[in-house]
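Student: Fold the following.
(2 chains)
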Amino acid sequence: MSSFALERDVATQSRVIVALAKRALRVQLRRAQFLLPSFLLPLLLLAVIASGTSAAQQLPGFPSTGSYVGFVVPGTIMQGTLLAGLMAGIAIAGDIEGGFFDRLLSAPVNRASIVLGRVLGTALIGVAQAILFLSVALLLGADFSGGVIGVALTILLAALSAAAAAGLGATIALRTGSLSLMQNLFPFVFVLLFTAPAFFPRALLNPVLETISVVNPLSYVVEGMRGALFENAALGSVWGGFVAGAGSVVLTCLLAVWAMRSRVQS
Amino acid sequence: MVTPPSSEDDAAATIIVEQLERVYPGGLRAVDGVDLAVAAGEIYGFLGPNGAGKSTTVRILTTLLRPTGGRAQVAGYDVVKQASQVRRSIGVALQEAALDPLMSGRELLQLQGALHGLRRGESKRRAEELLERVDLVAAADRLLNTYSGGMRRRLDLAMALVHRPSVLFLDEPTTGLDPVSRSSLWTELRNLNNEGTTIFLTTQYLEEAEQLADRVGIIDHGRIVAEGTPEELGRLVGEPGLYVKLLDESQSERARELLAVHGAVSDRTAGGLTIRTALGAQAIAPIVRTLDEARIEVDAVEVENPTLDDVFIAVTGHRADADVAEPSP
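Tutor: So this is what the prediction gives:
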């Protein structure tokens, strides 16, 4: 391919990705059953945790982050982004069952662009979730010593987390093509969350969960958010979070593109 | 590098299918050696009951499914090796008008424009043109979940036209539509065809194929069992009939004897005779003259051309609207 043709192709595929991301955002935000789990459920859990379980902070080994809400809000962001990823998978399965996916496949569009459009749309939802949850945490008394830069890095990590979750959701949806199966994956979001130090520091997880948390990339992302929000490397490495987050995005997107290719060829 | 069509014959045909096969995992042979060719500018009606292999063939021709045998070329490109070029050349409206219910007609058209590489401004202009063409300007900003079946089909067609394709694939475009919506869609398809678009149309409705198609292929159990113009297929059933209704029923025996010179005569109703003749409508005048000379008064004469329904039953042994044993994929 000549460099001009390559440039033109990259520009075309970029337009496709942006158009599909806009569609993903627009449709998800018009769907009430999406807003409830992705935005309201994590907020409810944050409110419950803030009011009911802040005594956990008194446990030996619990790091000092000012308020418990401040410590927990990265877990809330993680919960929201995982649910947004699941909703992305549900939306893809809905497109497959409803036939809209065939419309995408019959257009002269790179298969990867179809996945990336959905992933980008979900990443933007992750940004909106992070801004909302961090604002609520501030209202509930959190104090982020990492300042604006810490908040910005956390938002970026939220985008990566949402993108990786969307890649995973897309992979499962494309492999199975089943809307009902996707809808039944809801509990697994909590398995992923509780096998990462989302609500408690790693040191306070029971030995089994602690072992699993070592291989769960979400652990590094959630700790990276804490490290950024409180500018405290002892809480987690920000770069570790970015490496785990970006690695998960690449891996899950590759899996999703592979799942898409096998779907078309089957 | 894209290989151009290989011969003059191939260049003349927009769709070439040779020994096409598709066997699903599990052994279902949905398409079993289909051969067909569709010329540029033609409307080809692909007729068959549910599960006969129509939709599987269309999915292969539109690059949504790979064949397990044979080959197919659309607009000069191989559907497997040059799938991307095929997608640029075709417009596709598949069964059930799969449209996102939470998007508006305008949003969907603009999205389709972006999928086909149109820039934002161009995509917006094309969307406006098409909304006007399919008479959906007033409903353009309403969400699809408020559209009627006819409106959805019209939008579906408009979406297939965004990039001005040379070949249009329509999979049962009027299934479930009321007669008025169906007729308006037929008019639009005729207009498109007059503008030069080749149309490959699958349908269960014999009337639709008769109304629209230049040629018809009948598929049953994954194989083409008959192909030709509707008239040619009609001849497979036999000669056309002329139904003659007499004013006086008691004269039918005499009329039957006199009309035997024009063709095979059979009684259909009391005082009504059917004469099978290759001359078809041209035999009306001599038949009426014969009866008039014998002072037998005629109440009415009707030409009874064989319908595709008759053809379908003749070649498949069952009606077109029956489901065959295999489920549709």
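Student: what residues does chain A put near chain B?
Tutor: A:12, A:15-16, A:18-20, A:23, A:26-27, A:30-31, A:95, A:98-100, A:102-109, A:264-266 (CB under 8 Å from any CB of the partner chain). For glycine as for every other residue, the C-beta is placed from the backbone atoms N, C-alpha and C.
Student: Of those residues, which belong to strands?
Tutor: Among those, DSSP state E puts none in strands.
Student: Check B:Ala320 and give its pLDDT.
Tutor: On the pLDDT scale, B:Ala320 is placed at 60.
Student: Which stretches in the chain count as helices?
Tutor: No chain specified, so I'll use chain A. A:3-30, A:32-35, A:41-52, A:68-98, A:100-105, A:111-139, A:147-176, A:179-183, A:186-194, A:207-215, A:217-229, A:238-265 (DSSP state H).
Student: let's do chain B instead
Tutor: B:8-12, B:54-61, B:83-89, B:105-115, B:120-133, B:149-160, B:179-194, B:206-212, B:230-237, B:252-259, B:284-293, B:308-316.
Student: want to try JSON lines for those helices, with mean pLDDT, distance to A:Pro42 and mean neighbour count as columns?
Tutor: Converted to JSON lines, the helices of chain B look like this (pLDDT from 0 to 100; distance: least, CB to CB, whole Å; neighbours: other CB atoms under 10 Å in any protein chain shown):
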{"stretch": "helix B:8-12", "mean pLDDT": "49", "distance to A:Pro42": "59", "mean neighbour count": "11"}
{"stretch": "helix B:54-61", "mean pLDDT": "92", "distance to A:Pro42": "41", "mean neighbour count": "25"}
{"stretch": "helix B:83-89", "mean pLDDT": "92", "distance to A:Pro42": "40", "mean neighbour count": "19"}
{"stretch": "helix B:105-115", "mean pLDDT": "95", "distance to A:Pro42": "29", "mean neighbour count": "24"}
{"stretch": "helix B:120-133", "mean pLDDT": "93", "distance to A:Pro42": "35", "mean neighbour count": "16"}
{"stretch": "helix B:149-160", "mean pLDDT": "90", "distance to A:Pro42": "36", "mean neighbour count": "23"}
{"stretch": "helix B:179-194", "mean pLDDT": "88", "distance to A:Pro42": "46", "mean neighbour count": "15"}
{"stretch": "helix B:206-212", "mean pLDDT": "83", "distance to A:Pro42": "52", "mean neighbour count": "21"}
{"stretch": "helix B:230-237", "mean pLDDT": "77", "distance to A:Pro42": "62", "mean neighbour count": "17"}
{"stretch": "helix B:252-259", "mean pLDDT": "88", "distance to A:Pro42": "86", "mean neighbour count": "16"}
{"stretch": "helix B:284-293", "mean pLDDT": "90", "distance to A:Pro42": "80", "mean neighbour count": "15"}
{"stretch": "helix B:308-316", "mean pLDDT": "74", "distance to A:Pro42": "58", "mean neighbour count": "20"}
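Student: closest one to A:Pro207 among those helices?
Tutor: Nearest to A:Pro207 among the helices of chain B is helix B:105-115 (50.5 Å), distances taken as CB to CB.
Student: The closest one relative to helix A:3-30, how many degrees between them?
Tutor: Interaxial angle, helix B:105-115 versus helix A:3-30 (axes from the mean of the first three to the mean of the last three CA atoms, to 10 degrees): 150 degrees.
Student: Send over helix B:105-115 as CSV, restricted to the C-alpha atoms.
Tutor: The C-alpha trace of helix B:105-115 is given here as CSV (Å, rounded to 0.1, in the frame of the first residue of the first chain):
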residue,chain,number,x,y,z
GLY,B,105,-33.4,7.8,11.0
ARG,B,106,-31.0,10.7,10.3
GLU,B,107,-28.4,9.3,12.8
LEU,B,108,-28.6,5.9,11.2
LEU,B,109,-28.1,7.3,7.7
GLN,B,110,-25.2,9.4,8.8
LEU,B,111,-23.6,6.4,10.6
GLN,B,112,-24.0,4.3,7.4
GLY,B,113,-22.3,7.2,5.5
ALA,B,114,-19.3,7.1,7.9
LEU,B,115,-19.1,3.3,7.6
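Student: name the helices or strands packed onto it?
Tutor: Contacts defined by 3 or more CB pairs under 8 Å, 6 or more residues apart in numbering or on different chains; DSSP states H and E place helix B:105-115 against helix A:3-30, helix B:120-133, helix B:149-160.
Student: now the angle between helix A:111-139 and that helix, please.
Tutor: Going by the same axes, to 10 degrees, helix B:105-115 makes 120 degrees with helix A:111-139.
Student: ok so, going back, out of the helices of chain B, which gets nearest to A:Leu209?
Tutor: Going by CB to CB, the one of those nearest A:Leu209 is helix B:105-115, 43.5 Å.
Student: Give me the distance between that closest one and the centre of its chain.
Tutor: 27 Å (CA atoms, centre = their mean, to the nearest Å).
Student: mind showing which ranges of chain A have poor pLDDT?
Tutor: A:1-7, A:52-66, A:265-266 (pLDDT under 70).
Student: At the geometric centre of it, which residue sits there?
Tutor: Centroid check for chain A by CA atoms, centre = their mean gives A:Ala162 as the closest residue, at 2.1 Å.
Student: Look up the closest residue to that residue, ignoring the ones flanking it.
Tutor: A:Gly126 (2.6 Å; CB to CB, 6 or more residues apart in numbering or on different chains).
Student: I figured the one you found hits A:Leu82, correct?
Tutor: No. The criterion here is CB atoms under 8 Å, and A:Gly126 misses it with A:Leu82 at 9.8 Å.
Student: With B:Gly222 as the reference, measure out to B:Val79.
Tutor: 17 Å (CB to CB, to the nearest Å).
Student: Next: A:Val215.
Tutor: 49 Å.
Student: quick one: which of those two has more around it?
Tutor: B:Gly222 (25 against 8; other CB atoms under 10 Å in any protein chain shown).
Student: can you list the residues of chain B near chain A?
Tutor: Residues of chain B found near chain A (CB under 8 Å from any CB) are B:25, B:59, B:62-66, B:84-85, B:87-88, B:90, B:92, B:94-96, B:98-100, B:102-103, B:107, B:110-112, B:114-117, B:119-120, B:143, B:159.
Student: Quick check, the residue in the stretch 151-300 of chain B closest to chain A?
Tutor: B:Met159 (7.4 Å; CB to the nearest CB).
Student: go on, chain B?
Tutor: Closest contact between chain B and chain A, by CB to the nearest CB, is at B:Ala98 (2.8 Å).
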